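*Asks:* Sequence unavailable; structure follows:
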């Protein structure tokens, strides 16, 4: 199945439709922390296994 | 201790990871409610998830998010981790699936589209779309991560395992749970500490109904019973579903949409303040879902029309509610009537709802 590129007006529409959802998600409890976040989950898992430490994985949409 | 440092301190014994792009995530083996804009997972390096955190309530996106409840969860989970780590029993992994390799995203890339970031909700889109246009989702597909209200439970926003209210006649009431009880385990979730844990357990309980084991603590004593779930228990009011981005993948669809009228616009057009109306500013006429807009256009709908009634209903809470209501309560092919205002005149249009 060939999917045509998303037209510009659809991109605008997607943003407008989703904006209320994302705009209403005000709080990120970790936003003001100074936690030294890593970004590579695989590397973090290896490190956690070595240290016998648990992982604290945060997923945050930053669109 | 300042509030900012509370979380820093609680997270000190963890390996912290922050992911803002799901492209490389193995979504077959690390799953959570992908509609959320903030989620946290506490897990062992072997893939065992202890707890999930980050649910939103139907009334507010951040209703169950707080620094203090997250910090408390981190503190409470450490002993669980230490006990598990003494004798790990890793889950049998599913075949790995990187999000970016989901077929629908690969098709978009092959078509020349640029995907800078795979957002969490995009995974839901890809999984729905990847099952084809004829895919007819059942209740387990549609009503994901049910709110515990579906089984009659309300939970405290801070101490999220604590029951604050139980609805009379509900499965929770029949199981003997009362306000003040602290949930300990539910179905597949062996340790419950958060609203998201409860939703995870409910998500994996079949919509067809059945018995779901539940354990709770009251006055220091652990109690056990089962939630007896009737068929269709996952269904909910479309208003409680309206915020979910994956609703756009469900059918039928009206095939058009637009912004709600302001109070001033309603007064100018003679629409009562307490009635819902919105102005059509698009008809879906692109991509492989162009059929959606064509049906409404063929019925005579035009951009700029003001919809004041749809299938006899004019009390939607929002445009999102309208779209959720159509998808959850109507059927593909069902004939509906809509009333629109155009140049000061009312027009009644009829069409069959498209897939």
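*Replies:* Good, I have the coordinates. All values reported here derive from a predicted model rather than from experimental measurement. Numbering: from 1, shown residues only, chains lettered A, B, ... in the order given.
*Asks:* quick one, what contacts residue B:203?
*Replies:* The contact partners of residue B:203, taken as CB atoms under 8 Å, 6 or more residues apart in numbering or on different chains, are B:33, B:144, B:145, B:146. (C-beta placed from N, C-alpha, C; glycine too.)
*Asks:* any idea which of those is closest to residue B:52?
*Replies:* Nearest to residue B:52, judged by CB to CB, of these is residue B:33 at 7.7 Å.
*Asks:* Can you give me the neighbour number for the closest one?
*Replies:* Residue B:33 has 21 neighbours, counted by other CB atoms under 10 Å in any protein chain shown.
*Asks:* which SS class is the nearest residue to it once chain neighbours are set aside?
*Replies:* The shortest distance from residue B:33 to any non-neighbouring residue, by CB to CB, 6 or more residues apart in numbering or on different chains, is to residue B:145 (4.5 Å). Secondary structure assignment for residue B:145 (DSSP: H, G, I helix; E, B strand; the rest coil): coil.
*Asks:* again with residue A:33
*Replies:* At residue A:33 the chain is in coil, as set by three-state DSSP.
*Asks:* what do you get for residue B:348?
*Replies:* strand.
*Asks:* Check the spacing between it and chain A real quick.
*Replies:* Counting by CB to the nearest CB, to the nearest Å, the gap from residue B:348 to chain A is 27 Å.
*Asks:* Could you list which residues are in contact with that residue?
*Replies:* For residue B:348, the contacting residues are B:337, B:338, B:339, by CB under 8 Å, 6+ apart.
*Asks:* For the second one, give me the pLDDT.
*Replies:* Think residue B:338. With respect to pLDDT, residue B:338 has a value of 96.
*Asks:* so where do the helices sit in the chain?
*Replies:* Because you didn't say which chain, this covers chain A. With DSSP state H as the criterion, chain A has helices at A:8-24, A:41-51.
*Asks:* not quite, I wanted chain B
*Replies:* Along chain B, the segments classed as helices by DSSP H run B:3-10, B:67-86, B:103-110, B:120-129, B:139-142, B:171-175, B:195-203, B:238-241, B:263-269, B:290-298, B:319-329.
*Asks:* and the nearest residue to residue B:216 once chain neighbours are set aside, how many residues sit next to it?
*Replies:* Nearest residue to residue B:216, sequence neighbours excluded (CB to CB, 6+ apart): residue B:181, at 4.4 Å. By the criterion of other CB under 10 Å, residue B:181 has 21 neighbours.
*Asks:* So residue B:181 versus chain A, what's the distance?
*Replies:* Distance from residue B:181 to chain A, counting by CB to the nearest CB: 26 Å.
*Asks:* returning to that earlier point: tell me which of the contacts of residue B:203 is nearest to chain A?
*Replies:* Each of those was checked against chain A using CB to the nearest CB; the closest is residue B:33, at 9.9 Å.
*Asks:* Hmm, residue B:146 and the closest one touching each other?
*Replies:* No: the criterion here is CB atoms under 8 Å, and residue B:33 misses it with residue B:146 at 10.6 Å.
*Asks:* on that earlier part again, now intersect the contacts of residue B:348 with the strands, please.
*Replies:* Using DSSP state E, the members of the contacts of residue B:348 that fall within strands are B:337, B:338, B:339.
*Asks:* low-confidence ranges in chain A?
*Replies:* Along chain A, the parts satisfying pLDDT under 70 run over A:1-26, A:63.
*Asks:* ok, of the contacts of residue B:203, which one's closest to residue B:258?
*Replies:* Relative to residue B:258, the closest of the contacts of residue B:203 is residue B:144; by CB to CB it sits at 27.0 Å.
*Asks:* Burial check on the closest one, number of neighbours?
*Replies:* By other CB under 10 Å, 19 other residues sit near residue B:144.
*Asks:* What sits closest to it if chain neighbours are left out?
*Replies:* residue B:203 (6.0 Å).
*Asks:* quick one: that neighbour and residue B:149, what's the gap?
*Replies:* In this structure, residue B:203 and residue B:149 are 14 Å apart, going by CB to CB, to the nearest Å.
*Asks:* again with residue B:234
*Replies:* The gap separating residue B:234 from residue B:149 is 11 Å, by CB to CB.
*Asks:* okay, the two: which has more neighbours?
*Replies:* Between residue B:234 and residue B:149, counted using other CB under 10 Å, residue B:234 has the larger neighbour count: 24 against 18.
*Asks:* Can you pull the residues that touch both of residue B:33 and residue B:146?
*Replies:* When contacts are counted by CB under 8 Å, 6+ apart, residue B:33 and residue B:146 have B:199, B:203 as shared neighbours.
*Asks:* can you pull the buried residues of stretch B:177-187?
*Replies:* Under the neighbour-count criterion of 16 or more other CB atoms under 10 Å in any protein chain shown, stretch B:177-187 has B:177, B:181, B:182, B:183, B:184, B:185, B:186, B:187 buried.
*Asks:* end to end, how far does that stretch reach?
*Replies:* With CA to CA, to the nearest Å applied, stretch B:177-187 spans 15 Å between its terminal residues.
*Asks:* So residue A:52 sits against residue B:85, correct?
*Replies:* Yes: the pair residue A:52 and residue B:85 passes the contact test of CB under 8 Å, sitting 5.4 Å apart.
*Asks:* And the pLDDT at the most centrally placed residue in chain B?
*Replies:* Centroid-nearest residue in chain B, with CA atoms, centre = their mean: residue B:244, separated by 4.8 Å. Note for residue B:244: predicted pLDDT of 92.
*Asks:* Residue B:36 is in contact with that one, correct?
*Replies:* No: under the criterion of CB under 8 Å, residue B:244 is not in contact with residue B:36, lying 9.9 Å apart.
*Asks:* count of neighbours near residue B:160?
*Replies:* Around residue B:160 sit 25 other residues, with neighbours defined as other CB under 10 Å.
*Asks:* Tell me who's in contact with it.
*Replies:* Applying CB under 8 Å, 6+ apart, one finds that residue B:160 lies in contact with B:64, B:69, B:193, B:194, B:195, B:197.
*Asks:* show me which of these neighbour chain A.
*Replies:* Near chain A, judged by CB under 8 Å from any CB of the partner chain, the entries from those are residue B:69.
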